[in-house]
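S.K.: sharing a model prediction with you, sequence too.
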Amino acid sequence: MNNKIIEILKQKSYVVPSYLLKNYKLIGLSSNNAIVMIYLLNLGNYMVCDYQKFASDLNMDLKEIMAEINELVEKNIVAIDIKKNSSSKLEEYINLEQFYNKIFLQFIDVKEESKESNIYSIFEKELGRSLSPIEYELINGWLECGYKEEIILEALKEAVFNGVNNFRYIDRILFEWNKKGIDTLDKVKKNKDKFKKENKVEVPDYDWLNDNE
């Protein structure tokens, strides 16, 4: 009996990430969901979906663990990929990439909530969709490079007005403005007025209808 207890105590310990404990409710996880996520995170970022093993390790019955995994999929916390294994047989794999994206976005939201204006929310509203982690990083990069929020948002407005809703176009606008020393809304307006003036098409004042020649 004592040997069995000692063997149990020698079994692998699981690391409990502090970011998961602090944020699991904020991303819509129940306590049971969080326990399963702690277990999966300790297995790695991508693993074969072995329900029997999961159930045994977590002391759950098979139906219970299958329900928990399914719930995580429905909440867009994990994804199930179906791929061929080394024996060319189809197998289910659990992908944790979506979980990391949700945690990343949660960190960004907490970091930015003290700002006077939420530039990220404005981008999402103007583009009519959620931003990807890469797009969050691009906006952060512009801010770190010294671009003012008002200038970034004006570049966004310019892109949306021209029907081009991609970040490469916005980045190009910011680059061109920066090259010209345009760093205020007033300078943006003057640049637009100058462009309109230089590209104005002159219409000759001539009465074509009464031309007798």
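M.R.: Received it, and whenever you're ready, just let me know what you need. Numbering: from 1, shown residues only.
S.K.: what bits of the protein have low per-residue confidence?
M.R.: 1-12, 108-117, 195-213 (pLDDT under 70).
S.K.: show me how the record splits it into domains.
M.R.: Domain assignment for the chain, taken from automatic domain parsing, gives 10-97, 115-196.
S.K.: wait, which of those is closest to residue 106?
M.R.: Ranking the domains of the chain by their distance to residue 106 (criterion: Cβ to Cβ) puts domain 10-97 first, at 5.1 Å. C-beta: built from backbone N, CA, C; applies to glycine.
S.K.: mind checking how far residue 62 is from residue 94?
M.R.: Using Cβ to Cβ, to the nearest Å, residue 62 is found at 16 Å from residue 94.
S.K.: closest to residue 104 out of the domains of the chain?
M.R.: When the domains of the chain are compared (using Cβ to Cβ), the closest one is domain 115-196, at 5.2 Å.
S.K.: any chance of the domains of the chain in CSV, with mean neighbour count and distance to residue 106 too?
M.R.: As requested, these are exported to CSV (neighbours: other Cβ atoms under 10 Å; distance: least, Cβ to Cβ, whole Å):
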stretch, mean neighbour count, distance to residue 106
domain 10-97, 14, 5
domain 115-196, 14, 11
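S.K.: how about those domains, which one is nearest residue 107?
M.R.: domain 10-97 (7.8 Å).
S.K.: done for today, thanks.
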